[in-house]
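1. 3D model of this:
(one chain, ligands or ions: 1)
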Amino acid sequence: MAVPIVSERRSLGPHTTVLFGSEQGKYPDGNTVLVRGRDSSLVIDPSLSARSEALDVDRVLLTHTHEDHAAGVSGVRWQELSVHEADLAALRSVDDLMRLYGLAPESWPAMTQMVQERFFFEGWPQATGLCDDDVIDLGGVTVRLIHAPGHTGGHSVYLIEPDGVLVTGDIDLTGFGPYYGDAASSLDAFESTLAMVREIAAAHYVTFHHKGVVEGHEAFAAAVDSYTASIGRRTNDLLALLADGPSTFDELHAHGIVYRAGTRPANFGDSVEAHTIERHLARLLADGAVASDGQQYWLA
Ligand SMILES: [Zn+2]
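-> From the prediction side, this is the model:
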């Protein structure tokens, strides 16, 4: 595979530069944000392509601990590496990253090999934790962590002022929709997060994948709304499966509601479908829309 390189750089203010990965940061690549202040500098989510930039900064911040967001960590010179404290264990050790994913034990060796060889994930025991509302002052520019859980427990967005840039991480506003398929994900938390971030006023919104930069709050709010609608679409897909008659969990899982037929990824796709269906089923059971005898599920 060719070494990914930054496809474009765009300045979003006096201190902030986006380093776009290939195809606007299509997975496995991503869009990296560089912030330079009077006294110090940092990068947020160094991607695979950022490895080719020979970046030398004081700090690396991650929006959350996932392999693609940490892929450039070992390719950047830094003094301190940080993530929200709820994702810190997974950043410190690859075994804890496997626990964050919630993979079945038989998938650990292949997934561990994948994150190490393809994403250069080492596990960094010296990494430090951040909390909601922590502010890093770089001199003339600040970076504020806003806890935005759901994708992972520690997922956070960063507000860069005075540049008016919100780095949204894997609130990526793609047609795929919100991802809450890890053990450490939460559908309820993701929905609360979407309602919260929708109200954050900024001039530029940077997503890690696909969308790249969304300009202005009006366009961002509209993008959040259509992204949020994917959650309801998955609920409807599950209800449509059950409309054909009672189903076991295994039957629902074989069909899936996340990935289109034939696109389920090896190593982690089964786990993602299972976590996602469990979360939608739990909600439908609680609402009384679906009933179960512990073996089968049907429309109530
Ligand atoms: Zn992620």
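2. CA only for contacts and neighbour counts going forward, please
-> Fine.
3. domain assignment for this structure?
-> 8-227, 234-299 (automatic domain parsing).
4. so where is the stretch 101-250 of the chain shaky, pLDDT-wise?
-> Within the stretch 101-250 of the chain, no range satisfies pLDDT under 70.
5. so where do the strands sit in it?
-> 128-130, 135-137, 142-147, 156-161, 165-169, 204-207, 213-215, 247-248 (DSSP state E, counting those that start in this stretch).
6. Out of these, which gets nearest to residue 70?
-> The closest of the strands of the stretch 101-250 of the chain to residue 70 is strand 165-169. By Cα to Cα, the value is 11.8 Å.
7. can you give me the angle that closest one makes with strand 142-147?
-> Taking axes from the mean of the first three to the mean of the last three Cα atoms, to 10 degrees, one finds that strand 165-169 is oriented at 40 degrees with respect to strand 142-147.
8. and the nearest residue to residue 173 once chain neighbours are set aside, what does it touch?
-> Among residues not flanking residue 173 along the chain, residue 227 sits closest, at 5.4 Å (Cα to Cα, 6 or more residues apart in numbering). Contact analysis of residue 227 by Cα atoms under 8 Å, 6 or more residues apart in numbering lists 173, 174, 175, 177, 178.
9. check contacts around the third one.
-> Translated: residue 175. Residue 175 touches 227, 230, counting by Cα under 8 Å, 6+ apart.
10. switch to numbering from 32
-> Okay, using 32 as the starting number, the last item reads as residue 206.
11. which one is the residue nearest to the spatial centre of the chain nearest to, not counting chain neighbours?
-> For the chain, the residue nearest the mean C-alpha position is residue 201 (3.1 Å; Cα atoms, centre = their mean). Leaving aside its sequence neighbours, residue 201 sits nearest to residue 239 (Cα to Cα, 6+ apart; 6.1 Å).
12. Quick check, residue 83 in contact with residue 36.
-> Yes: Residue 83 is within contact range of residue 36, at 6.0 Å (criterion: Cα atoms under 8 Å).
13. Cheers, nothing more for now.
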